[in-house]
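>>> Just a sequence and a predicted model for now, questions to come.
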Amino acid sequence: MAANLALILFLPWFAILAALYWFYPRHTPVTPARRRYDLAVLVLAFALSLLAGRYGFGSAEPGPIWKQVLATLYAYKSFLAVIAVAWWYRGRRFPAIPADSD
């Protein structure tokens, strides 16, 4: 349970980031294919964050707090890396609707 503490503490922040990823940008068409892609990305981000946190906890030097610190850093960085790459790819895979010129 201690190995998952970093993930448990970051769940509210991960939920906020996941909601921002899910709802923005608004000018991109929301199709079933995009929703499947977004859902797969969020599941992947969460799973990799869990694995990275466990790896960080197991590979840290012994110390009173360093295991949790390293687990938190690895979990957070892996979640952000997946979301950032997916956000960039989603912009190319699902292009935005052009704005009307008046």
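Everything's here; your move.

>>> show me the contacts for the spatially most central residue of the chain.
Centroid check for the chain by C-alpha atoms, centre = their mean gives Phe79 as the closest residue, at 3.5 Å. Phe79 sits next to 10, 14, 17, 45-46, 48-49 when contact means C-beta atoms under 8 Å, 6 or more residues apart in numbering. Just so you know, the C-beta spots here come from the backbone N, C-alpha and C atoms, and that holds for glycine as well.

>>> Sort out which of those residues are in helices and list them.
10, 14, 17, 45-46, 48-49 (DSSP state H).

>>> out of the residues you listed, who has the most neighbours?
Across the ones in helices among the contacts of Phe79, neighbour numbers were computed from other C-beta atoms under 10 Å; Ser49 holds the maximum, 25 neighbours.

>>> Can you lay out the contacts of Phe79 as CSV showing distance to Ala86 and pLDDT?
Converted to CSV, these look like this (distance: C-beta to C-beta, whole Å; pLDDT from 0 to 100):
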residue, distance to Ala86, pLDDT
Phe10, 18, 83
Phe14, 14, 92
Leu17, 11, 93
Ala45, 8, 96
Phe46, 12, 94
Leu48, 11, 95
Ser49, 13, 92
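
>>> So Ile83 is in contact with Ala45, correct?
Yes: counting by C-beta atoms under 8 Å, Ile83 touches Ala45, with 5.6 Å between them.

>>> what is in contact with the two at once?
Applying C-beta under 8 Å, 6+ apart, one finds that Ile83 and Ala45 are jointly contacted by Ala18.

>>> now Ile65: how far from Ala19?
Distance of Ile65 to Ala19, given as C-beta to C-beta, to the nearest Å: 30 Å.

>>> Same check on Ala45?
Counting by C-beta to C-beta - Ala45 and Ala19 are separated by 13 Å.

>>> now Phe10
Per C-beta to C-beta, Phe10 is found 14 Å from Ala19.

>>> low-confidence ranges in the chain?
Filtered on pLDDT under 70, the chain yields the residue ranges 1-3, 99-102.

>>> at 80 instead, please
In the predicted model of the chain, residues 1-7, 26-28, 60, 63-64, 95-102 satisfy pLDDT under 80.
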